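In: Sequence below, structure please.
(chains A and B)
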There are 2 protein chains.
Amino acid sequence: MRIPLDRESPTPLYSQIAAFIRTGIESHTLPAGMRLPAIRKLASELGVNRITVETAYAELEAAGLVAARVGSGTFILPPFPAYIAGKGGHDILSPDGISFRNTNDAPWPHWQQGVLDRFSHLPAKPAIPLNTHHPDTHIISLNSGNSDPALFPLDEVRASLRDTLRQEGTAAGEYADMAGYMPLRRTISHVLADQGIPAAVEDIIITSGSQQALALITQLLTVPGDTVVIEAPSYADGMDLFRVRGLNILQIPMDAEGMRADLLEEALQQHAPKFIFTMPNFHNPTGMCMSGQRRRQLVQIAAAHGVPLVEDDFVGDLRYEGHAQPALKALAARGACFYMGTFSKMLMPGLRVGYMVAEGPVRDLLIRCKRLHDISSSGVIQRALYRFVSVGRHRTHLARSCSIYRKRRDALLEGIAAHLPHGITVAPVTGGLFAWCTLPPDLSATALEQAAFKRGVAIAAGTAFFLNPAEGDRFIRLNFTPHPPDVLRDAMRKLGEACNDIQKGGAA
Amino acid sequence: MRIPLDRESPTPLYSQIAAFIRTGIESHTLPAGMRLPAIRKLASELGVNRITVETAYAELEAAGLVAARVGSGTFILPPFPAYIAGKGGHDILSPDGISFRNTNDAPWPHWQQGVLDRFSHLPAKPAIPLNTHHPDTHIISLNSGNSDPALFPLDEVRASLRDTLRQEGTAAGEYADMAGYMPLRRTISHVLADQGIPAAVEDIIITSGSQQALALITQLLTVPGDTVVIEAPSYADGMDLFRVRGLNILQIPMDAEGMRADLLEEALQQHAPKFIFTMPNFHNPTGMCMSGQRRRQLVQIAAAHGVPLVEDDFVGDLRYEGHAQPALKALAARGACFYMGTFSKMLMPGLRVGYMVAEGPVRDLLIRCKRLHDISSSGVIQRALYRFVSVGRHRTHLARSCSIYRKRRDALLEGIAAHLPHGITVAPVTGGLFAWCTLPPDLSATALEQAAFKRGVAIAAGTAFFLNPAEGDRFIRLNFTPHPPDVLRDAMRKLGEACNDIQKGGAA
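Out: Numbers count the residues shown, from 1 in each chain, chains lettered A, B, ... in the order given. Sure, this is the predicted structure:
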């Protein structure tokens, strides 16, 4: 194969080789099924290093254009069609006797349309990607649901992983107990007891993050067509999960004390929901805490109607001021409330370890569902976490995080006061990750989201958190935890400019 | 608190303290809500080290009997009822003002019964636990679905994890790309291309093991009440997954070439299943490979009826002899076949990383379902795997595993020939993990499973792999990969004795 190479070009030689062959394949000059020259042979013909040809072939493989087969060489694969419909398609036989179906320009199988239709009620994905830190470092991301990765105890986790693999050998790499690594479950029961939440070790189930806990509980308690109750607004990925399950979602508005008890009572008289999903501490997206009084009412109403509670306590221990209210789990009768927690916010999201407390006969079914979802969560990670997490360490890490995040919250609130139009109000932020702002009537949240992004700030419009997105267009959610105070002040200055851009635009 | 301590006793002092308090709590001498003495005070009273009292309190906390609350001490919690129904229950107020509902002897919430009823069609869990190595080292486990953890490349994985955390810092601990870490997906596309399976990088989705891939595909393609087609016999955890989803399962019998094409054709004329789930290579539980002819028929029949294929290739590359047949994925039209693979069998199950190939518009929906299941698989583990896995390393590890497992298979077959009754036949074992044996009419698999366990060998009765368990009582599945040849010969000697035990018992 004679490939013209430009040795003066800034394009590396391997790229030139790969590009030449790619053009040949795409123009059908080089037909599917054809064997590419042996690496040594082509390298010698072109006067290049073998590695150069190898790299070129590897790039073509990664692009799905060729396939290497042991002992017989590298073959050109039939091209992949783009996502378009067409017709045709026939079999071809590669030189080593393997038949490939050539689907160039073939339509996608008809059943795919049916699947798409079944999911057509899912809302569109957010226009601005949710990153803790945006890949473009000029963008300040305030729209994610995560705390600051720079605070994660990386060195300690690394040491724990190292010790786990060194000292526990292959046992660490085998499947774990389906309900989770027992010593870690014991530690979690201590951490929970330290927060006043009673949980027997055997009732604690380790999950791959608390999203999985919610997915499993949903599978356990509902079938499609069932109704569930959530707050208005609520966690967007939770709502999507319920939509995918085919559930009927009832959103109960919140007041300053949390989910409104009168409206909940009314709803339960008319519907028989399968569970009530709530985030009583530093709620997502509003950042609000449910009052002690409201917690007791909620537990009582749920019990009176025989409806299970699902309590998501994703950052319950990240408190900047005031006193903790008891968890619903601590107030409810045993077996009446599922409690979900996570290490993602406090330690590292990338570890993907959460947990739930599930009591009563349904507990074992939940463990069985977990097995059917992913067999078990990573035993290696669970053992490493066990080595790292203790009640004392958890408290220390928490105290440090609280002290840092409190300053960031203060900077954000100062920035809002200094730079945003007066009509904007902020719900009390006594802990957690979020400041929830109500916009004046002349500002649309979706418009502000776009304008702010142009100014270099990613914020979350409230629309994603309501069943009826229009209800959320008066709100924005700002996550202040991933950035130091000066960045947050700068972000509020830019957000103020974005408000100006819109209000001027509207006036003009 | 005066606690009598026996300093001569082999029971540690902390255990004696914990036991004393536990007895007090359980007999209600020490009432719920009571504060335990401060650690320093009790230690001084008893003349023991503070650590001793701390350890005792920690043990009580782990047992769910007491809870420590920062700054206010350790309190006795209301006792947990056993799993029994009863009546009563009233509120108590702990000294620091937190109200606990005393649910002693209270019945479980009524809705729990409804959930249990909904899952009552699930088969009972296996009587003998499935371990790769039984915790009792005198038991030889042949009943698991895993290969030998001793062959896992532990040191290399450890080094990769170390380098990942050292060099990639906090990025490794953040949430990963929802579809998986891009460089790892690229490597997987190379590994697949090396096996003749065309897969574009963007169509590869990383999952938390291949069980999750199956769970996601099931969620994508079905709603409760739908029908799916599987082989008879088939993968037990797959069948359970379909049962939990509320699906109608059609099992198509196999012959020596795989799932019977005539019966499949017949079934598809009468039903409109949402997918066909198949394991063409070293099938679980039979260990059989589908013939090339049958693969082409299967692809053709599925296409003619517009039914997607779901191909589980869990150990497709672990071949001891003969030639590989093309994957269904390589034969089917683009977008017509989901392909699932895993690193669990070849590397370490505890890493929980698998992958699937999904083409067409449904791919993005599948990634979205994945997000709703567990946000993403562990980024730390994915990055470490990327560092470890390359086409060359994969081949090397495979070659080594094949050479070791081939000897083990030979030892098992020798052991069967030497020690088991003549009426037992074994399906061809050309690769994978399993030998599938048909028993003579006078041997029941469930009886043999029990008898073998008494003799120290755990085997899997065929009953778990059939919709109608009775159909499986003529078969047993033996996983020969976790044990060296001499252990396998010994296991077959014991299994022969177990056969004898039954046949004698039957004759007596």
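
In: Show me how chain A divides into domains.
Out: For chain A, automatic domain parsing gives the domain ranges A:13-102, A:140-146+A:400-507, A:151-394.

In: and among those domains, the most buried is which?
Out: Mean neighbour count (mean count of other CB atoms under 10 Å in any protein chain shown) peaks for domain A:151-394 among the domains of chain A, with a mean of 22. No exception for glycine: its C-beta is placed from N, CA and C like everyone else's.

In: How far does that one stretch from one end to the other?
Out: By CA to CA, to the nearest Å, the extent of domain A:151-394 from end to end equals 13 Å.

In: and if you look at stretch A:341-356?
Out: With CA to CA, one end of stretch A:341-356 sits 6 Å from the other.

In: One more: stretch A:446-465?
Out: Using CA to CA, the span of stretch A:446-465 from its first residue to its last is 13 Å.

In: touching chain B at all, it?
Out: No - residues of stretch A:446-465 are not located near chain B by CB under 8 Å from any CB of the partner chain, the shortest gap being 13.7 Å.

In: Just put the domains of chain A in CSV and tack on mean pLDDT and distance to residue B:441.
Out: Shown next, in CSV, are those (pLDDT from 0 to 100; distance: least, CB to CB, whole Å):
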stretch, mean pLDDT, distance to residue B:441
domain A:13-102, 70, 42
domain A:140-146+A:400-507, 94, 61
domain A:151-394, 89, 34
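
In: do the host helix or strand of residue A:380 and chain B meet?
Out: Element membership for residue A:380, per DSSP states H and E: helix A:379-388. Yes - Helix A:379-388 is in contact with chain B by CB under 8 Å from any CB, via A:379, A:380, A:381.

In: relative to helix B:379-388, how tilted is that helix?
Out: With axes from the mean of the first three to the mean of the last three CA atoms, to 10 degrees applied, the angle from helix A:379-388 to helix B:379-388 works out at 120 degrees.

In: From the contact counts, what lies against helix A:379-388?
Out: Contacts defined by 3 or more CB pairs under 8 Å, 6 or more residues apart in numbering or on different chains; DSSP states H and E place helix A:379-388 against helix A:154-168, helix A:182-194, helix B:379-388.

In: could those be laid out in a markdown table, adding distance to residue A:419?
Out: Compiled in a markdown table, the helices and strands packed on helix A:379-388 are given as follows (distance: least, CB to CB, whole Å):
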| stretch | distance to residue A:419 |
| --- | --- |
| helix A:154-168 | 34 |
| helix A:182-194 | 39 |
| helix B:379-388 | 35 |
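
In: Would you tell me which residues of the stretch 251-400 of chain A are close to chain B?
Out: Checking the stretch 251-400 of chain A against chain B by CB under 8 Å from any CB, the hits are A:274, A:296, A:299, A:303, A:306-308, A:326, A:330-336, A:348-352, A:360-362, A:365, A:368-369, A:371-381, A:391, A:395.

In: how about the residues of the stretch 401-508 of chain A that lie near chain B?
Out: Looking at chain B, no residue of the stretch 401-508 of chain A is close enough under CB under 8 Å from any CB.

In: Now the stretch 401-508 of chain A against chain B: closest residue?
Out: Closest residue of the stretch 401-508 of chain A to chain B, CB to the nearest CB: residue A:482 (10.3 Å).

In: What residues does that residue make contact with?
Out: Residues near residue A:482 by CB atoms under 8 Å, 6 or more residues apart in numbering or on different chains: A:132, A:133, A:141, A:142, A:144, A:146, A:147, A:148, A:149.

In: Greatest separation within those residues: which pair is it?
Out: Largest separation among the contacts of residue A:482 by CB to CB: A:142 and A:149, giving 15.0 Å.

In: Please look at residue A:480 and residue A:432 and confirm they touch.
Out: No - assessed by CB atoms under 8 Å, residue A:480 is found out of contact with residue A:432, at 9.8 Å.

In: From the centre of chain A, give me the residue that's furthest out.
Out: Centroid-distance maximum for chain A: residue A:45 at 50.2 Å, with CA atoms, centre = their mean.

In: Confirm that one sits in a strand?
Out: No - under the criterion used here (DSSP: H, G, I helix; E, B strand; the rest coil), residue A:45 is helix, not part of a strand.

In: My guess is it contacts residue A:1. True?
Out: Yes - with contact defined as CB under 8 Å, residue A:45 counts as touching residue A:1 (7.2 Å).

In: Mutual contacts of these two, please.
Out: Joint contacts of residue A:45 and residue A:1 (CB under 8 Å, 6+ apart) are residue A:37.

In: helix, strand or coil for residue A:146?
Out: Three-state assignment for residue A:146 (three-state DSSP): coil.

In: Need the phi and psi values for the closest residue to it other than its chain neighbours.
Out: Excluding the flanking residues, the one nearest residue A:146 by CB to CB, 6 or more residues apart in numbering or on different chains is residue A:132, at 4.4 Å. Main-chain dihedrals, residue A:132, degrees, to the nearest 10: phi -60, psi -50.

In: From residue A:138, how far off is residue A:132?
Out: 16 Å (CB to CB, to the nearest Å).

In: So if I had to pick from these two, which one is more boxed in?
Out: Using other CB atoms under 10 Å in any protein chain shown, the more surrounded residue of residue A:132 and residue A:138 is residue A:132, with 21 against 6.

In: Could you check how far the more buried one is from residue A:486?
Out: Taken as CB to CB, the span from residue A:132 to residue A:486 is 18 Å.

In: residue contacts, residue A:452?
Out: Contacts of residue A:452 by CB under 8 Å, 6+ apart are A:458, A:459, A:494, A:495, A:498.

In: is it true that the first one touches residue A:139?
Out: Yep, that's residue A:458 we're talking about. Yes - using CB under 8 Å, residue A:458 is in contact with residue A:139, at 5.7 Å.

In: Longest helix in chain A, please.
Out: helix A:391-419 (DSSP state H).

In: helices or strands next to that one in the packing?
Out: helix A:182-194, strand A:434-438, helix A:485-507.

In: change it to 6 Å
Out: helix A:182-194, helix A:485-507 (3 or more CB pairs under 6 Å, 6 or more residues apart in numbering or on different chains; DSSP states H and E).

In: Out of those helices, which gets nearest to residue A:12?
Out: Across the helices and strands packed on helix A:391-419, closest to residue A:12 is helix A:485-507 (CB to CB), at 37.7 Å.

In: any idea of the angle that closest one forms with helix A:391-419?
Out: 40 degrees.

In: who touches helix A:485-507?
Out: A:140, A:407-408, A:411-412, A:415-416, A:419-421, A:447, A:451-452, A:455-457, A:480 (CB atoms under 6 Å, 6 or more residues apart in numbering or on different chains).

In: Figure out how far that helix is from the centre of its chain.
Out: Taking CA atoms, centre = their mean, to the nearest Å, one finds helix A:485-507 lying 28 Å from the centre of the chain it belongs to.

In: C-alpha coordinates for that helix, PDB please?
Out: Output of helix A:485-507 as PDB, limited to C-alpha atoms (Å, rounded to 0.1, in the frame of the first residue of the first chain):
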ATOM      1  CA  PRO A 485     -15.300  32.600  48.300                       C
ATOM      2  CA  ASP A 486     -13.700  34.900  45.800                       C
ATOM      3  CA  VAL A 487     -14.900  32.800  42.800                       C
ATOM      4  CA  LEU A 488     -18.400  32.800  44.300                       C
ATOM      5  CA  ARG A 489     -18.400  36.600  44.600                       C
ATOM      6  CA  ASP A 490     -17.100  36.800  41.000                       C
ATOM      7  CA  ALA A 491     -19.800  34.400  39.900                       C
ATOM      8  CA  MET A 492     -22.500  36.600  41.500                       C
ATOM      9  CA  ARG A 493     -21.100  39.700  39.800                       C
ATOM     10  CA  LYS A 494     -21.400  37.900  36.500                       C
ATOM     11  CA  LEU A 495     -24.900  36.700  37.300                       C
ATOM     12  CA  GLY A 496     -25.800  40.200  38.100                       C
ATOM     13  CA  GLU A 497     -24.600  41.300  34.700                       C
ATOM     14  CA  ALA A 498     -26.600  38.500  33.100                       C
ATOM     15  CA  CYS A 499     -29.700  39.800  34.900                       C
ATOM     16  CA  ASN A 500     -29.000  43.200  33.500                       C
ATOM     17  CA  ASP A 501     -28.500  41.700  30.000                       C
ATOM     18  CA  ILE A 502     -32.000  40.300  30.200                       C
ATOM     19  CA  GLN A 503     -33.700  43.200  31.900                       C
ATOM     20  CA  LYS A 504     -32.100  45.700  29.400                       C
ATOM     21  CA  GLY A 505     -33.000  43.300  26.500                       C
ATOM     22  CA  GLY A 506     -36.600  43.200  27.800                       C
ATOM     23  CA  ALA A 507     -36.700  47.000  28.200                       C
END
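
In: I am finished for the moment; much appreciated.
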